[in-house]
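Visitor: My questions concern the predicted model and sequence given below.
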Amino acid sequence: MTDHGHSQQEIAARINAPPGRGVLRDVVYGAIDGSVTTFAIVCGVAGAGLSPFIIVALGLANVLADGFSMAAGNYSGTKAELDNIRRIRAIEERHIKLYPKGEWAEVREILAQKGLSGKVLDEATDAITADRENWINLMIEGEYGLGSVDPNPFKAAMATFLAFLIAGMIPLLPFLLSAEQAFRISAFITLAVFFAIGALKSRWSLAPWWRSGLETLLIGGAAALIAYLVGSLFHP
């Protein structure tokens, strides 16, 4: 089964409005880090034999402070990426103005590497370089390996923060609800979240859902085990 149509109207609409990279990477990154770091705190404090109140206090501090820090870092990183694309675009605009023949030759080489040759290659090069925006976009992709769809720093930051907040609160729920055997319940549901995040991530990959789930489960479980062992060293 195809996941999109191939009529002329559908093709034109899809090509003219590319979605860009989206926020999948930001959501997966935030969710995994939120659940791993918060549960690591839970394991570390539990391993040290401290009270559930301290677990909740440190866990909430981690969810809010570390979540905001990650979002801010992702915002700054994505903005830097966007600024770099703008810088490169300005460079290409200047080069086209100063060295049009050299830039034309670069476009021709990019298209030649895509399989064009002879008269068709020259005609395609002339057609692309006849439009300044198309010319620059091709150079950004072909010469620098960057996408022509600009990332959105605010959207990336919000996706990271919300995913971190939601996933990071899950290990704390049994303690917030004063449940009996809170640590065991927290461990069980957090490991389930690790697996679920990995399984969901497989929707956008070729890996089987169970393999992706186990991979994320092992990563999160290893981080939690390390934190628990370190915390147990300080158990009175």
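Guide: Ah, there it is.
Visitor: how close does Phe175 sit to Asn152?
Guide: From Phe175 across to Asn152, the span is 36 Å (CB to CB, to the nearest Å). Backbone N, C-alpha and C define where each C-beta goes, glycine included.
Visitor: more crowded one of those two?
Guide: Neighbours were counted for Phe175 and for Asn152 using other CB atoms under 10 Å; Phe175 has more, 24 against 18.
Visitor: tell me which element that one is part of?
Guide: Element membership of Phe175, judged by DSSP states H and E, is helix 173-176.
Visitor: Glu81 too?
Guide: Element membership of Glu81 [criterion: DSSP H and E] is helix 67-98.
Visitor: now the angle from the helix or strand just after that helix to helix 67-98?
Guide: Beyond helix 67-98 on the C-terminal side, the first helix or strand identified by DSSP H and E is helix 100-113. On the basis of axes from the mean of the first three to the mean of the last three CA atoms, to 10 degrees, helix 100-113 is oriented at 120 degrees to helix 67-98.
Visitor: buried stuff in helix 100-113?
Guide: Along helix 100-113, these residues count as buried under the neighbour rule (16 or more other CB atoms under 10 Å): 103-104, 106-108, 110-111.
Visitor: circling back: and the helix holding Glu81, what does it pack onto?
Guide: Taking 3 or more CB pairs under 8 Å, 6 or more residues apart in numbering; DSSP states H and E as the contact definition, the neighbouring helices and strands of helix 67-98 are helix 24-47, helix 100-113, helix 132-144, helix 153-169.
Visitor: separation between the most centrally placed residue in the chain and Ile136?
Guide: Centre of the chain computed as the mean C-alpha position; nearest residue by CA atoms, centre = their mean is Arg25, 2.0 Å away. For Arg25, the distance to Ile136 equals 26 Å [CB to CB].
Visitor: And for Gly5?
Guide: Gly5 sits at a distance of 30 Å from Ile136 (criterion: CB to CB).
Visitor: So between the two, which is more surrounded?
Guide: Applying other CB under 10 Å to Gly5 and Ile136 shows that Ile136 carries more neighbours, namely 20 against 11.
Visitor: My guess is that one contacts Ala90. True?
Guide: No. With contacts defined as CB atoms under 8 Å, Ile136 does not count as touching Ala90, sitting 9.7 Å away.
Visitor: Tell me where the protein is predicted with low confidence.
Guide: For the chain, applying pLDDT under 70 flags the ranges 1-3, 11-12, 14-22, 148-150, 236.
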